[in-house]
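J.: structure, please.
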Amino acid sequence: MAKHKPQLINMIKSFNEISFHEFKTNWFAQIKQEIQMKGKDYILLVEEDEFAEYLHSKYELTPLEVDALSEAVDQPSKSKEWFEDRMWGKSIKLY
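T.: You can find the predicted model right below:
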């Protein structure tokens, strides 16, 4: 049986940790849990804009910045990989 390529969403990993999909799911669960822990009374009485700003500042994602002067960055290269399709008995180039 031919191997299937994993979906792109499962391939995006930063520093080879968890997938982006898993990170996003956990991140939203943390935000939801914090809101639920506050209780109904708090949510009904809190200033909506202030609470939204608090959540935004606590859970904001900031992009990584690479100091290009201190890092050696090579030009991206293309590589070819051969995949053998057992069903059709052919070899296929993947780029």
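J.: neighbours of the closest residue to residue 59 other than its chain neighbours, just the number please.
T.: Of all residues not flanking residue 59 in the chain, residue 31 sits nearest, at 5.5 Å (C-beta to C-beta, 6 or more residues apart in numbering). Glycine gets a C-beta too; all of them are placed from N, C-alpha and C. Number of residues near residue 31 (other C-beta atoms under 10 Å) recorded here: 13.
J.: how close does residue 31 sit to residue 56?
T.: Residue 31 sits 10 Å away from residue 56, going by C-beta to C-beta, to the nearest Å.
J.: what about the helices in the protein?
T.: 20-38, 40-45, 48-59 (DSSP state H).
J.: surely the residue nearest to residue 59 touches residue 55?
T.: Yes: the pair residue 31 / residue 55 is scored as a contact, 6.4 Å apart, by C-beta atoms under 8 Å.
J.: show me where pLDDT drops low in this structure?
T.: Applying pLDDT under 70 to the chain flags the ranges 1-16, 73, 80, 82-83, 85, 88-95.
J.: try it again at 80.
T.: For the chain, the stretches with pLDDT under 80 are 1-19, 64, 66-68, 71-95.
J.: ramachandran angles for residue 76?
T.: phi -60, psi 150 (degrees, to the nearest 10).
J.: that one: neighbour count?
T.: Residues lying near residue 76 (other C-beta under 10 Å) number 6.
J.: mind checking how far it is from residue 38?
T.: 46 Å.
J.: nearest to residue 71, of the helices of the chain?
T.: Among the helices of the chain, the nearest to residue 71 by C-beta to C-beta is helix 20-38 (22.5 Å).
J.: so which other helices or strands are in contact with that closest one?
T.: Where contact means 3 or more C-beta pairs under 8 Å, 6 or more residues apart in numbering; DSSP states H and E, helix 20-38 is packed against helix 48-59.
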